[in-house]
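Engineer: I would like the atomic coordinates for the input below:
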Amino acid sequence: MQDLDSIKHLSVGDHLCCMYETEEEHRAILTPFIREALIQGDKVIYIVDVRTAETVFGYLDGRGMDTAGYISSGQLVVADSRDTYVREGSFDPDSMLELLHGETQKALSEGFRALRVTGEMSWALRGLPGSERLMEYEGKLNRFFPNNRAIGLCQYDMRSFEPEVLLDVLATHPIAIVRSKSYDNMYYVPPEEFLGDGDKAGAELERRLKNLEDRRKIESERKEFERELKRSEEQARREAEFSNAVLDTAGALIVVLDREGRIVRFNRTCEILTGYPAKEVIGRSIWEIFIPAEEIEGVRRVYENLCAGRFPNRFDNDWIARDGSRIRISWSNTCLLDSGGNVELVVSTGLDMTEVSLMQTAREREFSSLKEYSRDKSTSLTASSLGLTSLSRSRPDVFADMVRELEEIIDLSVEQNIYKVSYDLSDSLRGMAEKLGDLRAGPRDLVRIYISAVQEKTANLRGKMARAYTEEGRLILIEIMGYLAAYYYNRSLGKDVNGLDEGGGTP
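Structural biologist: Reported below is the predicted structural model:
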C-alpha cells in the first residue's frame with residue numbers, strides 16, 4: 001500500500017483503476033495523474049461521461065497549470081464517451097482497442113513520450129448494447145498496455161457500480177487505487193486466466209492458495225524481521241551503555257561542546273575534578289563557567305579557528321573549579337562533522353597536569369600520577385559490569401603489539417622535533433584509537449600502553465633525551481585519547497564511527 005505520490009512514478013505499460021466514493025477523492029487521484037503526464041511530456045486523453053471538460057480543467061487550473069496552453073498544443077485532449085466507448089450507440093472491446101492503438105501511434109508521431117488515457121466508466125451503466133462486455137475489455141487491456149507506449153486509468157464510482165462488478169474491476173487491474181490509497185493489487189488475475197475458456201474455478205483456487213502461501217511467507221519474514229530488529233535494538237542499547245560507561249570511567253576529562261561552546265556532555269571525571277555536577281553545566285557555555293577572565297579572548301580565538309577547520313595540535317589552559325582553585329589541563333580536540341563536512345561538535349579530552357607541570361624533573365612521580373588515572377574505579381554503571389576487562393590481561397599479545405606501535409610513533413615524533421623533519425602522524429594516532437575502540441578498550445588501557453612504551457624507551461636514557469621521550473609521549477597520549485573519546489561518543493549516540501576529523505587544540 002502506498003499514498004497517492006505513487007501516481008507520480010507510473011511506468012509506460014501500467015494499467016490501473018481508481019475506485020472512489022467522493023468527488024474530493026476523484027479530484028485527488030485524477031489531478032496528479034494528468035499533471036505528471038503533462039510535465040513528463042505525455043499526451044493525455046481524458047474521456048468524460050458524467051463530468052464536463054470544464055470540471056476536469058478546473059482540477060488543473062486549481063494547481064496552477066496552463067490548461068489552455070496544453071489544449072492548444074494538442075497535449076491535452078478531452079473526448080466524450082459517446083465518441084469513443086459507444087460509437088454508433090454500442091460498445092465493442094476490439095474496436096475500442098483499435099482506437100487506443102491508433103491514438104498511441106499518433107501521440108508518438110507528434111513527438112510525445114507516451115499516451116495516457118483515462119476514462120469515466122459510468123457509460124457502462126446505461127444498458128447500451130455491448131456493455132456486458134466491459135470486463136472482457138478490461139482483461140484485454142492487460143495485453144494492450146504492456147505492448148504499447150501507453151498508460152491507462154479506468155475510473156469507477158463505487159456509489160454507482162454493484163459490488164459484483166467492482167470485484168471484477170479488482171481482478172482486471174494490476175494496480176488499484178481505492179479511495180485514497182494505491183495498492184499493488186494482490187487480487188489481479190492475468191488475462192490468460194481471466195479471459196480463458198478453461199477451468200476458471202480451478203485457476204482461481206490455485207491463485208488463492210498461492211496468495212495464502214505468499215501471505216504466510218510474508219508474515220513469517222515479518223516476524224523474523226521484528227525479532228532481528230529487537231535483537232539489533234538490544235545490541236545498540238548495550239553498545240551505547242558500554243560506550244557511556246567508558247566515557248564516564250575514563251579517568252580523563254571528557255567534555256563535548258557545540259559550535260557555540262555550550263556543554264553537551266560532561267563526564268564523571270569532569271564532575272569530580274571541577275566540583276560541578278553535569279546537570280548544572282549542561283547547556284551552559286564554558287566561557288561563563290570555567291575559563292579565567294584573562295584567558296577568555298585567547299581561548300575563544302583557538303575555538304573559533306577549530307570550528308572553522310583550523311586545528312592547533314596541542315593546547316594547555318587553566319580551568320576554574322567550583323571552589324575557585326585553578327586546574328592546569330592539557331587538551332586534545334576531535335571534531336565530529338555533519339553531513340556537509342562542517343564541524344558540528346567538538347569532543348575535548350584533557351588530563352589534569354596541575355601536579356605534573358610542577359614535576360617536570362620527576363618522571364617517576366609523573367608515571368605514578370598517570371598510573372592513578374589508569375587504575376580501575378567503579379561508578380553506578382561500571383565498565384566491568386558490561387564485560388570490560390584490562391586489555392593487558394584479556395589480550396596480552398595485542399597489548400604488547402600496541403606498546404611497540406606506540407614506541408615507533410614516539411620515535412618518529414622525537415625525531416621530527418630533533419631533526420626538523422616532517423611526518424604526518426595523524427592517521428597513525430587515529431588508527432590506534434579506532435583499534436582500541438574496536439577492541440572495547442578504554443582510556444585507561446591507553447594510559448597503560450603509554451606508560452609501558454615510555455618506560456621501555458627511556459630505560460637507558462638520561463637527561464634531555466629522557467625528558468624529550470616523556471614529553472612527546474605525553475602529548476601523543478592526549479591526542480590519541482581525544483580520538484578515542486570521539487569514537488565512544490559516536491557509539492553512545494548509536495552512530496557509525498565516522499565524521500572524525502583531525503584534532504588538537506582545546507577550550
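Engineer: how about the helices in the stretch 301-450 of the chain?
Structural biologist: Ranges of helices within the stretch 301-450 of the chain are 363-374, 391-394, 396-419, 426-438, 443-458, based on DSSP state H, counting those that start in this stretch.
Engineer: Tell me the spacing between residue 164 and residue 135.
Structural biologist: 10 Å (CB to CB, to the nearest Å). Heads up, the C-betas are built off the backbone N, CA and C, glycines and all.
Engineer: Could you tell me the least trusted of the helices of the stretch 301-450 of the chain?
Structural biologist: Comparing these by mean pLDDT, the weakest confidence falls on helix 363-374, with a mean of 54.
Engineer: How many residues are close by the residue lying closest to residue 416 once chain neighbours are set aside?
Structural biologist: Spatially, and ignoring its direct neighbours in sequence, residue 416 is nearest to residue 423 (5.3 Å; CB to CB, 6 or more residues apart in numbering). Here the count is done by other CB atoms under 10 Å, and residue 423 has 11 residues near it.
Engineer: before we move on, the earlier item: okay, residue 164 and residue 135: which has more neighbours?
Structural biologist: Between residue 164 and residue 135, residue 135 has the larger neighbour count (other CB under 10 Å), namely 18 against 8.
Engineer: Report the contact partners of that one.
Structural biologist: The contact partners of residue 135, by CB atoms under 8 Å, 6 or more residues apart in numbering, come to 165, 168, 169, 172, 194.
Engineer: Of those residues, select the buried ones using a PyMOL command.
Structural biologist: Only the buried entries of those go into this PyMOL selection, using 16 or more other CB atoms under 10 Å:
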select buried, resi 168+169+172+194
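Engineer: Export the contacts of residue 135 to JSON lines and append columns for secondary structure.
Structural biologist: Below are the contacts of residue 135 laid out as JSON lines (DSSP: H, G, I helix; E, B strand; the rest coil):
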{"residue": "165", "secondary structure": "helix"}
{"residue": "168", "secondary structure": "helix"}
{"residue": "169", "secondary structure": "helix"}
{"residue": "172", "secondary structure": "coil"}
{"residue": "194", "secondary structure": "helix"}
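Engineer: Tabulate the contacts of residue 135 (CSV), appending distance to residue 439 and pLDDT.
Structural biologist: As requested, the contacts of residue 135 are exported to CSV (distance: CB to CB, whole Å; pLDDT from 0 to 100):
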residue, distance to residue 439, pLDDT
165, 68, 95
168, 65, 94
169, 63, 96
172, 62, 95
194, 63, 87
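Engineer: Looking at the helices of the stretch 301-450 of the chain, which is nearest to residue 127?
Structural biologist: Residue 127 lies closest, by CB to CB, to one member of the helices of the stretch 301-450 of the chain: helix 426-438, at 76.3 Å.
Engineer: From the contact counts, what lies against the closest one?
Structural biologist: helix 396-419, helix 443-458, helix 463-492 (3 or more CB pairs under 8 Å, 6 or more residues apart in numbering; DSSP states H and E).
Engineer: show me where the stretch 1-150 of the chain has strands.
Structural biologist: Using DSSP state E, counting those that start in this stretch, the strands of the stretch 1-150 of the chain run over 15-20, 43-48, 76-80, 115-120, 150-157.
Engineer: so what pLDDT did residue 151 get?
Structural biologist: According to the prediction, residue 151 has pLDDT 97.
Engineer: follow-up on the earlier one: possible to save the helices of the stretch 301-450 of the chain as a markdown table with mean neighbour count?
Structural biologist: Formatted as a markdown table, these follow (neighbours: other CB atoms under 10 Å):
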| stretch | mean neighbour count |
| --- | --- |
| helix 363-374 | 16 |
| helix 391-394 | 16 |
| helix 396-419 | 16 |
| helix 426-438 | 18 |
| helix 443-458 | 22 |
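Engineer: Compare those helices and give me the one nearest residue 181.
Structural biologist: helix 426-438 (46.0 Å).
Engineer: and that closest one, C-alpha only, in PDB?
Structural biologist: Extracted C-alpha coordinates of helix 426-438, given in PDB (Å, rounded to 0.1, in the frame of the first residue of the first chain):
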ATOM      1  CA  SER A 426      47.500  11.900  12.400                       C
ATOM      2  CA  ASP A 427      46.400   8.700  10.600                       C
ATOM      3  CA  SER A 428      48.500   6.500  12.900                       C
ATOM      4  CA  LEU A 429      47.100   8.200  16.000                       C
ATOM      5  CA  ARG A 430      43.500   7.900  14.800                       C
ATOM      6  CA  GLY A 431      44.100   4.300  13.700                       C
ATOM      7  CA  MET A 432      45.400   3.400  17.100                       C
ATOM      8  CA  ALA A 433      42.300   5.000  18.800                       C
ATOM      9  CA  GLU A 434      39.900   3.200  16.500                       C
ATOM     10  CA  LYS A 435      41.700  -0.100  17.000                       C
ATOM     11  CA  LEU A 436      41.400   0.400  20.800                       C
ATOM     12  CA  GLY A 437      37.700   1.200  20.300                       C
ATOM     13  CA  ASP A 438      37.100  -1.900  18.200                       C
END
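Engineer: ok now that helix, how far from the chain's centre?
Structural biologist: For helix 426-438, the separation from the chain centroid amounts to 25 Å (computed by CA atoms, centre = their mean, to the nearest Å).
Engineer: which other residues reach that helix?
Structural biologist: So helix 426-438 is contacted by 391, 402, 405-406, 409, 442, 445-446, 476, 479-484, 486-488, 491, 497, 500, 502 (CB under 8 Å, 6+ apart).
Engineer: Residue 256: which of the helices of the stretch 301-450 of the chain is closest?
Structural biologist: That would be helix 443-458 among those, by CB to CB, at 14.9 Å.
Engineer: related to what we said a few turns ago, and the helices and strands packed on helix 426-438: which comes nearest residue 292?
Structural biologist: Of all the helices and strands packed on helix 426-438, helix 463-492 sits nearest to residue 292, with 20.8 Å by CB to CB.
Engineer: okay, the angle between the closest one and helix 443-458?
Structural biologist: If you take axes from the mean of the first three to the mean of the last three CA atoms, to 10 degrees, helix 463-492 sits at 160 degrees to helix 443-458.
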